[in-house]
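> Below are the sequence and a predicted model for it; my questions follow.
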Amino acid sequence: MQCLRGAVKHAGSGVERLTSAVRGFGSSSQHFRASPPPWCTDADPPKVLITGGLGQLGVGLAKLLRRRFGKNNVILSDIRKPPSHVDHNGPFIFSDILDYKNLREIVVNNNISWLVHYSAVLSAVGENNVALAREVNITGLHNILDIATEHGLRLFVPSTIGAFGPSSPRDPAPELCVQRPRTIYGVSKVHAELMGEYYHHRYGLDFRCLRYPGIISADSQPGGGTTDYAVQIFHAAVKTGRFECNLRGDTRLPMMYIDDCLRATLEFLEAPAASLLGRTYNINATSFTPRDLVREIQKGLPDLEVTYNVDPIRQAIADGWPMALEDTAARRDWGWKHEYGLSELVRTMLTHIATGNQLAQTY
Ligand SMILES: NC(=O)c1ccc[n+]([C@@H]2O[C@H](COP(=O)([O-])OP(=O)(O)OC[C@H]3O[C@@H](n4cnc5c(N)ncnc54)[C@H](O)[C@@H]3O)[C@@H](O)[C@H]2O)c1
Ligand SMILES: C[C@@H](O)[C@H](N)C(=O)O
């Protein structure tokens, strides 16, 4: 299929306070399926490559997929040096998605069958460096599409709430509607959705795409997006008890706890092709404003103080994004169901961060 390429060329006391506050919250309700679903009949597990794997989502996804498919069947890759804990958990290799030959070599040499394409420049960073975002998010995607098509891979590319814009219906945004985003990030994600679906219809590429909400995680940092405040506030709340929020207090956006996001990704990847009436699906969990989030965190940490210092770039981006996503198609076609609402998300985040801080003090 080489012809295709040619053709389409705080601090201690705070931690104790927090620990006792969250003890009453109970433990995470997360549970991942331990064995393959009955309709998963593949004799061999897939060999999975994750690009951009050292960002907020990749390490967690690798952990989940390795539990399911085996440690050596999931290769994490990025253009940065991995921290030692990542290096010890399974295979990691350098891969620059802009280097087509290197990417092809990795796919061939490792007999890759599934490609999870996480490399991207996110919304806020993208507005500061449009050329870089265009290169990584669009040129890089072209390499990924060609390689996935040439080698018959199952390709997962995440899209985002950022693929909608001010003229899209906002509460909720349906699967199919006007999409005129005003960020290079959003434009590149609409491009990815359309190109992937085109390659599916034209070349039979097994392209799969989920529009993720803003993702909230405790042990990985966000990479420069508009929803980053909703992760940073937890760490600031525990460390200093103070947080300066860069979005207005009434900015409602769709959000999701990372365990729901990663489980959705695995379940969607495993869904039989015949059950997928579409190739790009919205997934939704909860929606909140900074004020809602502060109120919920203050149930565990009543002394948290929040001030607002709005970043006009991020605020303009958020004002053009939906407040919720309509996701009945995902629930109908492949059984999507979220587990974390706002209160579960906040309890789980505070529990994880308190436990992490205690461990850090121990060692
Ligand atoms: N985190 C979220 O809230 C969220 C929400 C919606 C969609 N998504 C999508 O999910 C995916 C993963 O998001 P994330 O939050 O982990 O992103 P992130 O910004 O934290 O990580 C992206 C990774 O891509 C890598 N990268 C950049 N240029 C590269 C290149 N040339 N070659 C290879 N890797 C390169 C970076 O080193 C980084 O580790 C992205 O596609 C993002 O658009 C994320
Ligand atoms: C929403 C998502 O795509 C990312 N967290 C961003 O804000 O850019």
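Everything's here; your move. Numbers count the residues shown, from 1 in each chain. Ligands and ions are numbered 1, 2, ... in the order given.

> give me the number of residues near residue 132?
Neighbour count for residue 132, taken as other CB atoms under 10 Å: 13. For the C-beta atoms, the positions are set from N, CA and C on the backbone; glycine is no exception.

> Likewise for residue 309?
Using other CB under 10 Å, residue 309 has 8 neighbouring residues.

> residues contacting it?
244-246 (CB atoms under 8 Å, 6 or more residues apart in numbering).

> What separation is there between it and ligand 2?
For residue 309, the distance to ligand 2 (CB to the nearest ligand atom, to the nearest Å) stands at 18 Å.

> quick revisit: out of the contacts of residue 309, which are close to ligand 2?
Among the contacts of residue 309, not one lies near ligand 2 by CB under 6 Å from any ligand atom.

> Out of those, which end up buried?
Taking 16 or more other CB atoms under 10 Å as the criterion, what is buried in the contacts of residue 309 is 245-246.

> of all the contacts of residue 309, which comes closest to ligand 1?
residue 246 (15.3 Å; CB to the nearest ligand atom).

> give me the number of residues near the spatially closest residue to that closest one that is not a sequence neighbour?
Nearest residue to residue 246, sequence neighbours excluded (CB to CB, 6 or more residues apart in numbering): residue 311, at 4.0 Å. Neighbour count of residue 311, defined by other CB under 10 Å: 15.

> was I right about residue 311 contacting residue 248?
No: assessed by CB atoms under 8 Å, residue 311 is found out of contact with residue 248, at 10.1 Å.

> The closest residue to ligand 2 within the stretch 201-350 of the chain: what secondary structure?
The nearest approach of the stretch 201-350 of the chain to ligand 2 comes at residue 225, 2.3 Å away (CB to the nearest ligand atom). What DSSP: H, G, I helix; E, B strand; the rest coil gives for residue 225 is coil.

> residues from this protein in reach of ligand 1?
Contact residues (CB under 6 Å from any ligand atom) of the chain with ligand 1: 51-52, 54-58, 78-80, 96-98, 118-120, 122, 136, 140, 158, 160, 212, 214-215, 222-223, 225, 227.

> Report the contact partners of the residue of the stretch 201-350 of the chain closest to ligand 2.
Neighbours of residue 225 in contact, by CB under 8 Å, 6+ apart: 122-125, 214.

> Looking at the residues you listed, point me to the pair that's furthest apart.
Farthest-apart pair in these is 125 and 214; separation 14.7 Å (CB to CB).

> any idea which residue sits dead centre in this protein?
Central residue of the chain (CA atoms, centre = their mean): residue 57, 5.1 Å from the mean position.

> What distance do you get for it to residue 157?
As judged by CB to CB, to the nearest Å, residue 57 and residue 157 stand 13 Å apart.

> So what touches the longest strand along the chain?
Assignment by DSSP state E gives strand 206-212 as the longest strand of the chain. With CB under 8 Å, 6+ apart as the test, strand 206-212 has contacts from 145, 148, 153-161, 163, 192-193, 196-197, 199-200, 256, 261, 264-265, 268-269, 273, 276, 279-283, 325, 330.

> Whichever of the residues you listed end up buried, select them in PyMOL.
Buried residues within the contacts of strand 206-212, by 16+ other CB under 10 Å, are selected in PyMOL with:
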select buried, resi 145+148+153+154+155+156+157+158+159+160+161+163+192+193+196+197+199+200+256+261+264+265+268+269+276+279+280+281+282+283+325+330
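
> Counting neighbours, which of the contacts of residue 225 end up buried?
122-125, 214.

> Could you dump these into a markdown table and include distance to residue 204?
Output for the buried ones among the contacts of residue 225, formatted as a markdown table (distance: CB to CB, whole Å):
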| residue | distance to residue 204 |
| --- | --- |
| 122 | 31 |
| 123 | 32 |
| 124 | 36 |
| 125 | 34 |
| 214 | 33 |
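
> Can you flag which of the residues you listed belong to helices?
Using DSSP state H, the members of those that fall in helices are 123-125.

> I'd like those residues laid out as CSV, including pLDDT and distance to ligand 2.
Below are those laid out as CSV (pLDDT from 0 to 100; distance: CB to the nearest ligand atom, whole Å):
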residue, pLDDT, distance to ligand 2
123, 98, 3
124, 97, 6
125, 98, 8
